[in-house]
Structure formats: C-alpha cells, structure tokens
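**Q** Got a predicted structure here, sequence first:
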Amino acid sequence: MNRSLIVLLLAGLLSGCARTNRVDGPPNVIIIFADDMGWSDLSSYGQKAWDTPALDRLGAEGVRFTDFYVPTPACSPSRAALLTGRYPLKAGIRDVLSPRSLRGLPEAEQTAAELFRHAGYRTGMVGKWHLGSHPDFLPTNHGFETWFGLPYSNDYSPRSINNPRPHAAGWMELPLMRDTTVVEREPDQRLLTERYTEEALRFIRTHQEEPFFLYLAHSMPHTPLWVSDPFLGASGAGLYGDVIEEIDASTGRILAELEALGLDDDTIIVFTSDNGPWLVMGDHGGTKADFREGKATTFEGGVRMPAVIRAPGRIVAGQVVGEPVISMDILPTVLDFAGIGLPSNLDGVPLNGALAGKADLDANRPLFFYRSGQLRSMRKGKWKLHVPHTYTSILPEWGGRPGSGGHPGEYGNATIGIALYDLQADPAESIDLAAAYPEVVEDLLRDIEDARARIGDELTGRVGSEATPPQFIQAVWPTLEGDQ
Ligand code: MG
C-alpha cells in the first residue's frame, strides 16, 4: 500500500466521514417542518378531501405518531423547541418574533445544526427560520453552513393586506435570503415550495458523499397560501388542499432523489408541523379532526401534530405509536441514530429504543403546553389538565367566526378554569372531569408547580430556575447586505 493511500485512509477514519460502507456509517438526517399544518391534513390521519401519498409513505415505512405534541402552538417558540430539544422558555424564545425584533435564539443555545456540524456532518437549511432576523441570529450563526429562505413568516409584508395582523403596513418588504444576504424582495410566493424543493435537492446532491443534516422548513401552509401553477386546482379541494399536495409532492421528489442516489437506506426523514391550523382563516386554514380549537391555543387542535419518522433498518417499520411524545424528542432521537452524544440539558428523550422495539415509551411522562410564556395546560397519560387562563377562540359561543378566501374572520376572547379531560374517551376536551377526579387534579397540579419552578410561567409570574433569559441585540437594525 503506498504512502498516500495510507494517509488518505487515515484521514478518512479520523474525520469520521468515511462513507465506504454507507449502511454502517452515520445516517443522513432530514427534518421537514410544515407551518400551521393540522393533525388531520394527511390522508393517513383521516383526510379525505386531498391526497398525501408521499408523507403517508414515510409513516407506512416508518412510524406514525397519533399523540405527537409541540410544547407551544406558535411559530418561533415551537421552532426553538424542535432545534434545541428544550422547552421554549429554556431556549430563550417565549413568543413569536416580529420582523424587526431585536430578540433571537440565544448564542448559548446548541441547535441540531451545531451538534451535527461538530460531529462532522454537513449542515444546511432551506425555508422559514423565525428565530431572529437580525444578522446575529440567522441560521448561519446557529450551525447551518448554508441557508436559503425567509427569515420569518410569509405574511410579514406590507402586501399581505388580508391578514389578521394590525401592523402589516409598517413592515419592510418580505426578504428572500441566502445566508446573510437578501437576494430578492417580495419573491413570487407561488414558487416558494418549488424553489425550496430544488434547493433541498441540490443540497442532497452536493453532499451525497458526506453525512448531512438538512432542515427543510416550508413556509406553507401558513397564509397567504400560494402554489405553483401545476398544483393550482389539482386537489379539487380548494387552495389549501392544493398547497398540501404540493408539499407532499416535494417530499416525494426528495424520496425519489435519495433512491436515485442510493441514499435511501442511509437517510432518516422526520416530518411534522410547528403548530395547529390557523382556524380564523377558515378555508385557508388546516384541519384538526374533532380536536378543540387550533393554533394559538393549548387545546389539542393547537398542539397535537401529524408526525412521521422513516428510518430504514433502524426502527420497526409500519408502527403506529399512541404514547404521548413531543417535538423536543426529535433532536435526541436523531442524534442517537447518528451516534452523537446527547447534551445533558435536553427536555426531550430519545425514542430510538422504543421505535426499534427494544424498550417501552414512558406513557406517563408529563408534557407541558405554553402560550406566550404562560403555562396553560399539560398532558400526563390519558389526562389533560388546563389551569385557569384566557385564550382566543374560534367558537361562535365565544364570538369567534372563521374567515374565507384568504380573508380572516374574528377570534373571540374565551376563558377556562381548572378543567380535566380524559383524552382517551374524550379527545375533543368536551367533558370536564375535574370535580369527579380531584386526586388526579391534585397530582397534575404538583407537576404544574414543578414546571413553573424549573421552566417558568408568565401566568403566575414565575421565572424558571432552568430558563434562559431572552437575548437582545443592543443596537439599531443594520441595513442588510442586498437591502435596497
Ligand atoms: Mg406556524
């Protein structure tokens, strides 16, 4: 063996990136995150009006979760939880960030991208960020080598006049960015899903010889809804169905590309959504089966998500998992698949053993649900407990009214006291059992109190002992490169 060959082999071994045997090597990881997609927006979750064959295939060839949660029904804090494996208040993101917010994901937080990058992975992001749009907070400062997408939601634009947001007129034009540079203003949103898909495929092809982590965060189906021409009217179920079918087709193209490159068995794909459907948008919002309420509330409609993981050869395929799990479990799970050590400060737990049929999931782990920093409800086993709070309701008895055609309706202001629901018998959270099961309420309130002390709770004015203070940029907004 000549000397240069030995050097090459040693370099490969030391880098941990040698892909001579892909099956035994570190797997690629792709997380696809939809925006405001509801629990029953997939055919495999009961949707009949449109079809989602590719997303359903991920679940059929992997695992489909029936009781998968996000810890908060809103964009920014849900994304913080996904990428850090921690409750949003611990990750320094209490609520949705506005376009010119001086806040962002604190530098001290370790994201999935940083953890994979440190382990020798190539890291890329495509799509909506929404964890701070000041240059200091952008994805390329949080472990992603490359990023192409929007810094925040697609409605933060002076042109989004049909939106239930009062200050839209004062916002700058929507920037489409590559890394830290604005490449377009007010991009044609009909092409967003298509362009994100092309970008994701390019990233996969570019890094096919190396282990990679790709985070594809679609801007859709957050309103305003847009689809490319081939999908307009294709679902026969209105614009929302068309948008979902384009996201599904995007997923199908990614699967096909992985197969064509021979990476199919070496790539783990996770798909879920950041929060439940935006019901005030009516037919431009998603669906949530019979669950109560939607986005912006901590009822099941707001926090229970469709979720699938495909991990060939690594899990028992074709499972339907009914134990409650939460989006913070994704990070430790994919790190574990990749053989990367877990940080000690995570709130999520790795699901690998259970998905491989080698361990049981803890069905009684308490999961807490926050809105705007307020701890409003929790789940433990079959029980869901709400503590007294006010929320925005779409129900007519509270003055709610769904909109239509892209025009928002109105939310009503609603209140709830201590309320206990048996989600097995009553997933719609309609029959309050608090008076019948005082000992269950007492038990769950002890968990709530523990969460207030550790994580924090703005309803009761508590700062959690493990919370990370929000990080502010002490500066005025800079002019972004490419800004006009
Ligand atoms: Mg969202």
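**A** It's in. Numbering: from 1, shown residues only.
**Q** tell me the strands in the stretch 1-150 of the chain, going along the chain?
**A** 28-34, 63-69, 103-104, 122-127, 146-149 (DSSP state E, counting those that start in this stretch).
**Q** Tell me, how many residues neighbour the closest residue to the ion within the stretch 101-250 of the chain?
**A** Here the residue of the stretch 101-250 of the chain nearest the ion is residue 222; by CB to the ion that distance is 5.7 Å. Just so you know, the C-beta spots here come from the backbone N, C-alpha and C atoms, and that holds for glycine as well. Counted with other CB atoms under 10 Å, the neighbours of residue 222 add up to 27.
**Q** Give me the residue ranges of the stretch 351-484 of the chain where confidence is low.
**A** The stretch 351-484 of the chain contains residues with pLDDT under 70 at 473-484.
**Q** Next, residue 268: secondary structure please.
**A** Under DSSP: H, G, I helix; E, B strand; the rest coil, the three-state class of residue 268 is strand.
**Q** what's the answer for residue 420, then?
**A** Assigned by three-state DSSP, the conformation of residue 420 is strand.
**Q** OK, contacts around it?
**A** 383, 384, 385, 386, 432, 433, 434, 437, 440, 441, 444 (CB atoms under 8 Å, 6 or more residues apart in numbering).
**Q** hang on, the earlier thing: comparing the strands of the stretch 1-150 of the chain by mean pLDDT, which bottoms out?
**A** Mean pLDDT is lowest for strand 103-104 among the strands of the stretch 1-150 of the chain, at a mean of 92.
**Q** Off-centre distance for that one?
**A** 18 Å (CA atoms, centre = their mean, to the nearest Å).
**Q** Show me just the buried residues among the contacts of residue 420.
**A** Among the contacts of residue 420, those scoring as buried are 383, 384, 385, 386, 433, 434, 440, 441, 444 (criterion: 16 or more other CB atoms under 10 Å).
**Q** Adding secondary structure and distance to the ion, write those out as CSV.
**A** As requested, the buried ones among the contacts of residue 420 are exported to CSV (DSSP: H, G, I helix; E, B strand; the rest coil; distance: CB to the ion, whole Å):
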residue, secondary structure, distance to the ion
383, strand, 27
384, strand, 21
385, strand, 25
386, strand, 22
433, coil, 31
434, coil, 30
440, helix, 32
441, helix, 31
444, helix, 27
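**Q** if we can go back for a sec, indicate which one of the strands of the stretch 1-150 of the chain is closest to residue 344.
**A** Checking these against residue 344 by CB to CB gives strand 28-34 as the closest, at 21.0 Å.
**Q** Helices along the stretch 1-150 of the chain, start to end?
**A** Here the stretch 1-150 of the chain has its helices, by DSSP state H, counting those that start in this stretch, at 3-15, 53-60, 75-84, 112-118.
**Q** Switch the strands of the stretch 1-150 of the chain over to a markdown table; also include mean neighbour count.
**A** A markdown table is the format used below for the strands of the stretch 1-150 of the chain (neighbours: other CB atoms under 10 Å):
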| stretch | mean neighbour count |
| --- | --- |
| strand 28-34 | 25 |
| strand 63-69 | 22 |
| strand 103-104 | 25 |
| strand 122-127 | 26 |
| strand 146-149 | 22 |
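**Q** Spit out the contact partners of the closest residue to residue 356 other than its chain neighbours.
**A** Leaving out its chain neighbours, the residue that sits closest to residue 356 by CB to CB, 6 or more residues apart in numbering is residue 315, at 5.4 Å. Contacts for residue 315 (CB under 8 Å, 6+ apart) come out as 62, 63, 309, 352, 355, 356, 357.
**Q** tell me the centre residue of the protein?
**A** For the chain, residue 274 is the residue whose C-alpha lies nearest the centre (CA atoms, centre = their mean; 3.5 Å).
**Q** how about it, what does it touch?
**A** Applying CB under 8 Å, 6+ apart, the residues near residue 274 are 33, 34, 35, 36, 70, 74, 75, 78, 79, 82.
**Q** can we see that at 10 Å?
**A** Listed by CB atoms under 10 Å, 6 or more residues apart in numbering, the contact set of residue 274 reads 33-37, 70, 72-79, 81-82, 128, 130, 217-218, 222, 295, 305, 327.
**Q** what's the distance between residue 375 and residue 423?
**A** Distance of residue 375 to residue 423, computed by CB to CB, to the nearest Å: 18 Å.
**Q** These two: who's more crowded?
**A** Using other CB under 10 Å, the more surrounded residue of residue 375 and residue 423 is residue 375, with 26 against 18.
**Q** Correct me if wrong, but residue 177 is in a helix.
**A** No. Checked against three-state DSSP, residue 177 lies outside a helix; its state is strand.
**Q** and the angle from the lengthiest helix in the chain to strand 28-34?
**A** If you go by DSSP state H, the chain has its longest helix at helix 239-260. Helix 239-260 runs at 170 degrees relative to strand 28-34, counting by axes from the mean of the first three to the mean of the last three CA atoms, to 10 degrees.
**Q** Please name every helix or strand in contact with helix 239-260.
**A** strand 28-34, helix 53-60, helix 192-206, strand 212-217, strand 267-273 (3 or more CB pairs under 10 Å, 6 or more residues apart in numbering; DSSP states H and E).
**Q** ok, 7 Å please
**A** Helices and strands touching helix 239-260, by 3 or more CB pairs under 7 Å, 6 or more residues apart in numbering; DSSP states H and E, are strand 28-34, helix 53-60, helix 192-206.
**Q** how many neighbours does the residue lying closest to residue 174 once chain neighbours are set aside have?
**A** With sequence-adjacent residues excluded and distances taken as CB to CB, 6+ apart, residue 174 is closest to residue 157, at 4.1 Å. For residue 157, the neighbour count with other CB under 10 Å is 24.
**Q** neighbours around the residue of the stretch 51-200 of the chain found nearest the ion, how many?
**A** In the stretch 51-200 of the chain, the residue that lies nearest the ion is residue 75 (3.9 Å; CB to the ion). As a burial measure, residue 75 scores 24 neighbours (other CB under 10 Å).
**Q** Roughly how far does it sit from residue 215?
**A** Counting by CB to CB - residue 75 and residue 215 are separated by 15 Å.
**Q** out of the buried ones among the contacts of residue 420, what pair is the most spread apart?
**A** Going by CB to CB, the pair spanning the buried ones among the contacts of residue 420 furthest: 386 and 440, at 13.1 Å.
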